[in-house]
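Student: give the three-dimensional model of this entry:
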Amino acid sequence: MDASGGQLFSVDPLERHAARGHGVVTSMAAGSDVIVLGTSRGWLVRHDFSFEDAHADLDLGAGRSGDHAVHRVFLDPGGKHCIATVVHPGGAETFYHHARWPRPKLLPRLRGLLVNAVAWNRQSITEASTKEVILGTETGQIFEMAVDEADKREKYVKPLFELTEQREGIKDLQMETAVVGNATRYYVMAVTPTRLYSFTGIGSLETVFASYSDRAIHFMELPGEIPNSSSSGDENFVENKGFFDYSKLGDSGIKPRSFALSEFHFLLLIGDKIKVVNRISQRIVEELVVDNMSESSRGIIGLCSDASTGLFYAYDESSIFQVSTSDEGRDMWQVYLDMNDYAAALSHCRNPFQRDQVYRVQADAAFAAKEYYIAASFYAKMNYVLSFEEISLKFISIGEQDALRTFLLRRLDNLTKDDKMQITMISTWATELYLDKINRLLLEDSTGATTNAVAEPNNSEYRSIVNEFRAFLSDSKDVLDEATTMRLLESYGRVDELVFFAALKEQYEIVVHHYIQQGEARKALEVLQRRNVPVDLVYKFAPDLIMLDAYETVESWMMARNKLNPGKLIPAMMRYVSEPHAKNETHEVIKYLEFCVKDLDNEDPGVHNLLLSLYAKKVDLELAKAEADKVEDDEELRKKLWLKVAKHVIEQEKGVKRENIKKAIEFLSETNNLLKIEDILPFFPDFVLIDDFKEEICKSLKDYNSQIEQLKQEMDDATRGADNIRSDIGALAQRYTVIDREQDCGVCRRKILTVGGLHQAERILDLQKQLSLIDRKAAKDNGASVNGESIMSMAPVDKLRSQLDDAVASECPFCGDMMIKEISQPFILPEESEEKASWEIKPQPVAQKMLPMTMSI
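Tutor: Predicted structure coming up:
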């Protein structure tokens, strides 16, 4: 009995007098709504239930006296071919009967062989021919046979294999085939009371079984799973092998007399009951009792199944009972769930409530194991068993924000488009959880960081969650409330994500404004180039973009061609040209205007007037350099011209690239060292990084150092020269020689001394005294020592010495021309009046005694 209260199987009488008076039923087989019975008197009774009251009685023992009961009956799945074995005192005989034949035919080649099992080739059998059929005998032999309807007899009977190691009767056979390329692979299983044999190979059946003459046979002991050869061979083609221990059913070890196999259950005939055992759980789910049997019946003899229709039959000595199923798989989800086989359980669920039960068991198990992400995924699939609020509180109560976010995201995947309000609310909550996660990662990074705490972390988890959040925003852009989402992003300071979401929502003004603030002109222009961006935004941001990057901006305008109105861009270009800028950037504006005039045939007067004004202001820098170099004679004028050129270059380089100092400094090399860094420094802005000048300043300082060292060397050389001259002069002043009064000059051959040397010597002594007096007076007036007197104080002495030397060397100081000239000069010069006064004799006081003074001449 299943959980819903309805039976899975039921037994109902199908045919009361099935043997039709030909004895008792000994064997039965079914296929395609056809049942064939074998009786104890050697008759086959064919019941075709596809036609009303269609039946046939076939006598297998015609002309034979005595007992000759039918041992086994075999019917192909199509219900056309029948093989029956009859046992009589003289041995065993095998018959073949086709559905269209009036009488069965004896197979003489099988005379004396008791056939216990038949395996049909279900893939190749036809209505007219059995194709290859495998027969298993009581003595352990396996044969191959084929019968055609038209031949009225067997085409061939071939022995395939014989069990020699342990001779036992073959109780059942099963054959399957598979196409491998152009060949056929056979899989054959044979069952004996103690073993399960398996054979496989490519080719004909004869070839397959012949291959086992020189290799080991693969088998398993029954019960048990101990193969006699390696389990890796081709023979080990049976997967998910398992044995059902019927002794666990609690029937004191009573063996089942017969069994049938349904999709999910075993039907076991034990005693007088048919026990239904679940194949997966191996538990009894139902016990069927056959009622309405005749009083003379000794109970159910056996079970058989119709593989084509999925019907099951039970039979006793006289009647046939049909075992019907009523949705036998309806409880299989619960069976698999009890065994924790969740995938199989889900595959057998019939309704959402059953699936929720499976998901809940999975989720609860994962939650108990602290696998919260897995639990969240399963909880998200539930719709009926637990509410959304209950599940959310489970994660909130344990502080699992990440698992809660996972639950929300998976729940969004399971919602339909009709749940718009719920989707928006859950998406907004998930957005806030994403932002909270990102914020927590930033805080954790800033807490443990040793560098700048405001920098975003570069760890993989942070990058991964940000990328995941952006993908979520992209997927949910149509369901998220725009204003609410932007407020959340702004409140958490996620500017990049705010811009990203604004782009998704086509709020291009916010996006372009952000890129301009970040100095990313190219990205801003890429946004403006999109087809769905209003052209008014291009005009609005044109002044900022052309100041930020004139080249990229103009290129973007030119790509737009006639989509833009150049007249509306004039204010942006006027703002640009009104400020200092580099020459190439000025050319960019001219290039766009020329493009408008020449390529677009623009006739706007404003565009033409602006182009003419820029032509007029255009400066030919190379011509200016050439003119400055033409000045060769006037170094000062040449430098002044080069300074004007340098000023222009520096002001031009302050355009869009702003403070492009290096280019201006490189200009110095073109002046042939006429200009130095100190000459052009006044032309630069007040606030410039010293790094831009570092190299040039160092070079200039090195030049000055070299000049200073050179001047120092020259000064040292001059000082040494002066010292040498001073030494020479001093040496000359002390130099003398003694000559004879009659000595003649070696050059002019005249007398060196015109008069006696005595008077000249006395005159020289007088001049020396005068020089000494002059030296003492000069030292007194200057307050300096003799060793420290300056060059200026020594000038009169040197002059007098020079005059003395000239006088002595030229003529006699007493009788020469110089003495004649000095007659008219006073002995005491006017400037020597003080010296004269110092020698005056002043009158003594009266009281003083006058002392006589004698002077000798």
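Student: so residue 246 sits right up against residue 255, yeah?
Tutor: Yes: the pair residue 246 / residue 255 is scored as a contact, 7.2 Å apart, by C-beta atoms under 8 Å. The C-beta positions use only the backbone N, C-alpha and C, and glycine is treated the same way.
Student: between the two, which one's more packed in?
Tutor: Between residue 246 and residue 255, counted using other C-beta atoms under 10 Å, residue 246 has the larger neighbour count: 19 against 9.
Student: before we move on, the earlier item: anything in contact with each of residue 246 and residue 255?
Tutor: residue 270 (C-beta atoms under 8 Å, 6 or more residues apart in numbering).
Student: the helices in the stretch 201-350 of the chain, which residues?
Tutor: Along the stretch 201-350 of the chain, counting by DSSP state H, counting those that start in this stretch, helices occupy 205-210, 332-338, 342-347.
Student: could you say what helices and strands the second one packs with?
Tutor: The reference is to helix 332-338. Other helices and strands packing on helix 332-338, by 3 or more C-beta pairs under 8 Å, 6 or more residues apart in numbering; DSSP states H and E, are helix 342-347, helix 352-368.
Student: what's near enough to touch residue 116?
Tutor: If you count contacts by C-beta under 8 Å, 6+ apart, then residue 116 has 72, 85, 136, 137, 138, 169, 170, 171, 172 around it.
Student: mind redoing it with 6 Å?
Tutor: Shown in contact with residue 116 (C-beta atoms under 6 Å, 6 or more residues apart in numbering): 136, 138, 169, 170, 171.
Student: what's it sitting at in phi/psi?
Tutor: phi -100, psi -20 (degrees, to the nearest 10).
Student: thinking again about what came up before, pick the most deeply packed of the helices and strands packed on helix 332-338.
Tutor: The highest average neighbour count among the helices and strands packed on helix 332-338, using mean count of other C-beta atoms under 10 Å, belongs to helix 352-368 at a mean of 18.
Student: after it comes which helix or strand?
Tutor: helix 372-380 (DSSP states H and E).
Student: what is that following helix packed up against?
Tutor: helix 352-368, helix 401-414 (3 or more C-beta pairs under 6 Å, 6 or more residues apart in numbering; DSSP states H and E).
Student: and after it, which helix or strand comes next?
Tutor: helix 388-397.
Student: measure residue 570 to residue 536 for me?
Tutor: Counting by C-beta to C-beta, to the nearest Å, the gap from residue 570 to residue 536 is 16 Å.
Student: higher neighbour count, the two?
Tutor: residue 570 (17 against 10).
Student: just the element for residue 101, please.
Tutor: Counting by DSSP H and E, residue 101 is found in no helix or strand.
Student: before we move on, back to that, how about the helices and strands packed on helix 332-338 in CSV, adding distance to residue 483?
Tutor: Shown next, in CSV, are these (distance: least, C-beta to C-beta, whole Å):
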stretch, distance to residue 483
helix 342-347, 41
helix 352-368, 35
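Student: tabulate the ones you listed (CSV), appending distance to residue 589 and mean pLDDT.
Tutor: Output for the helices and strands packed on helix 332-338, formatted as CSV (distance: least, C-beta to C-beta, whole Å; pLDDT from 0 to 100):
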stretch, distance to residue 589, mean pLDDT
helix 342-347, 69, 93
helix 352-368, 66, 94
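Student: identify whichever of those helices lies nearest to residue 304.
Tutor: helix 342-347 (28.9 Å; C-beta to C-beta).
Student: can you tell me what sits against the closest one?
Tutor: 333, 336, 337, 358, 362.
Student: would you map the helices across the stretch 401-550 of the chain?
Tutor: For the stretch 401-550 of the chain, helices defined by DSSP H, counting those that start in this stretch occupy the ranges 401-414, 420-448, 460-476, 482-491, 495-504, 508-517, 521-528, 535-548, 550-560.
Student: with mean pLDDT and distance to residue 366 as added columns, please give those in TSV.
Tutor: As requested, the helices of the stretch 401-550 of the chain are exported to TSV (pLDDT from 0 to 100; distance: least, C-beta to C-beta, whole Å):
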stretch	mean pLDDT	distance to residue 366
helix 401-414	93	10
helix 420-448	88	20
helix 460-476	92	21
helix 482-491	91	30
helix 495-504	87	31
helix 508-517	87	42
helix 521-528	88	44
helix 535-548	88	51
helix 550-560	88	54
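Student: tabulate those helices (JSON lines), appending distance to residue 394.
Tutor: Shown next, in JSON lines, are the helices of the stretch 401-550 of the chain (distance: least, C-beta to C-beta, whole Å):
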{"stretch": "helix 401-414", "distance to residue 394": "9"}
{"stretch": "helix 420-448", "distance to residue 394": "15"}
{"stretch": "helix 460-476", "distance to residue 394": "23"}
{"stretch": "helix 482-491", "distance to residue 394": "25"}
{"stretch": "helix 495-504", "distance to residue 394": "29"}
{"stretch": "helix 508-517", "distance to residue 394": "39"}
{"stretch": "helix 521-528", "distance to residue 394": "44"}
{"stretch": "helix 535-548", "distance to residue 394": "49"}
{"stretch": "helix 550-560", "distance to residue 394": "54"}
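Student: closest to residue 27 out of those?
Tutor: helix 401-414 (55.8 Å).
Student: export the strand or helix carrying residue 173 to PDB, keeping only CA atoms.
Tutor: For residue 173, the host element (DSSP H and E) is strand 172-180. Provided in PDB are the C-alpha atoms of strand 172-180 (Å, rounded to 0.1, in the frame of the first residue of the first chain):
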ATOM      1  CA  ASP A 172      17.600 -19.100 -18.500                       C
ATOM      2  CA  LEU A 173      19.300 -17.200 -21.300                       C
ATOM      3  CA  GLN A 174      19.400 -13.600 -22.400                       C
ATOM      4  CA  MET A 175      20.800 -12.100 -25.600                       C
ATOM      5  CA  GLU A 176      21.500  -8.500 -26.600                       C
ATOM      6  CA  THR A 177      23.200  -7.100 -29.600                       C
ATOM      7  CA  ALA A 178      24.900  -3.800 -30.600                       C
ATOM      8  CA  VAL A 179      26.100  -2.500 -33.900                       C
ATOM      9  CA  VAL A 180      29.900  -1.600 -33.900                       C
END
